[in-house]
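Peer 1: let's see this in three dimensions:
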Amino acid sequence: MGTTHAADIETLVNRVIERGVPPYLLREVDLVVFPRQVGGDRYVTQAVEPLSPDEYESLDPAARRSRTGDPRHGGAGVVEKGGTAVHYNTVAWRTADGTFRMDGVPDAGSTEPTVDAGEGRRIHALARLAERTDRDVEAVEAEFAAKRRYVEYLVRDGIDDFDELFEFLADLRADEAATVERAARIRREGGGQ
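Peer 2: Next comes the predicted model:
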């Protein structure tokens, strides 16, 4: 994990090249998260995965295009600088209404992949994680989707107290099924916000 100041993937590629770092090394990074701070609020604007040329070519044509026409809102692209091409895929972004979108993983509360999320839209960072941990890609994607639902539950119910948060996480680790059921029961009974 590391940090640098860059507003988007093009700025990051330019900064890397200006500092004399070979751009192909960006492919060693699994995911780049671009935060933004406005007023007192800090949030993620987008998450981008650098790709090898082969990974980029494996994306189906629909996955390469942004649904909005703005490459910061999904889709893939190539940044060319100094005769070098850096391929990338925008996997998550914040929409104009403040919601967060991710292509290639199930939406919140769903066990189905997002629209058109087939093989050609898969998040390569999750596939690389599966390879490094000797697991099936589907298992890593399912675990990611479950953890995403937990985070969305915590945000939705306003659980941000340190002790309450870590109690929930400890309960999840000790008995995930019971913790999920208890959270669902509390929500059904109106205990959530």
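Peer 1: show me how far the longest helix seen in the chain is from its chain's centre.
Peer 2: The longest helix of the chain (DSSP state H) is helix 137-156. Here helix 137-156 is found 11 Å from its chain centre; the criterion is CA atoms, centre = their mean, to the nearest Å.
Peer 1: mind listing the helices for the protein?
Peer 2: According to DSSP H, the helices that the chain contains are 9-18, 53-58, 61-64, 124-132, 137-156, 162-174, 176-188.
Peer 1: need those in TSV (columns: mean neighbour count and distance to G82).
Peer 2: C-beta here means a position set from N, CA and C on the backbone, and glycine is covered the same way. Below are the helices of the chain laid out as TSV (neighbours: other CB atoms under 10 Å; distance: least, CB to CB, whole Å):
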stretch	mean neighbour count	distance to G82
helix 9-18	17	6
helix 53-58	14	17
helix 61-64	15	23
helix 124-132	17	24
helix 137-156	15	34
helix 162-174	12	45
helix 176-188	13	48
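Peer 1: which among those helices is found nearest to T95?
Peer 2: helix 137-156 (15.1 Å; CB to CB).
Peer 1: remind me what that closest one packs against, helices and strands.
Peer 2: Helices and strands touching helix 137-156, as assessed by 3 or more CB pairs under 8 Å, 6 or more residues apart in numbering; DSSP states H and E, comprise helix 124-132, helix 162-174.
Peer 1: between the ones you listed, which one is closest to L154.
Peer 2: helix 162-174 (6.8 Å).
Peer 1: and the closest one, what does it pack against?
Peer 2: helix 137-156, helix 176-188.
Peer 1: the shortest one packs against which elements?
Peer 2: Counting contacts by 3+ CB pairs under 8 Å, 6+ apart, helix 176-188 packs against helix 162-174.
Peer 1: could you tell me the angle between the helix it packs on and helix 176-188?
Peer 2: Interaxial angle of helix 162-174 relative to helix 176-188 (axes from the mean of the first three to the mean of the last three CA atoms, to 10 degrees): 130 degrees.
Peer 1: could you give the mean pLDDT of helix 162-174?
Peer 2: For helix 162-174, mean pLDDT is 89.
Peer 1: ok, and what's touching that helix?
Peer 2: By CB atoms under 8 Å, 6 or more residues apart in numbering, the surrounding residues in contact with helix 162-174 are 150, 154, 159, 178-180, 182-183.
Peer 1: cool, and stretch 75-92?
Peer 2: Against stretch 75-92 from outside (CB under 8 Å, 6+ apart): 9-10, 13-14, 17, 22-24, 26, 31, 44, 46-53, 55-56, 59, 63-67, 71-74, 100-104, 123-125.
Peer 1: which residues of the chain score low on pLDDT?
Peer 2: In the predicted model of the chain, residues 1-3, 71, 103-122, 190-193 satisfy pLDDT under 70.
Peer 1: if I pick the nearest residue to A183 once chain neighbours are set aside, what's in contact with it?
Peer 2: Closest residue to A183 apart from its sequence neighbours, by CB to CB, 6 or more residues apart in numbering: Y153 at 6.1 Å. By CB under 8 Å, 6+ apart, the contact list for Y153 reads 159, 183, 187.
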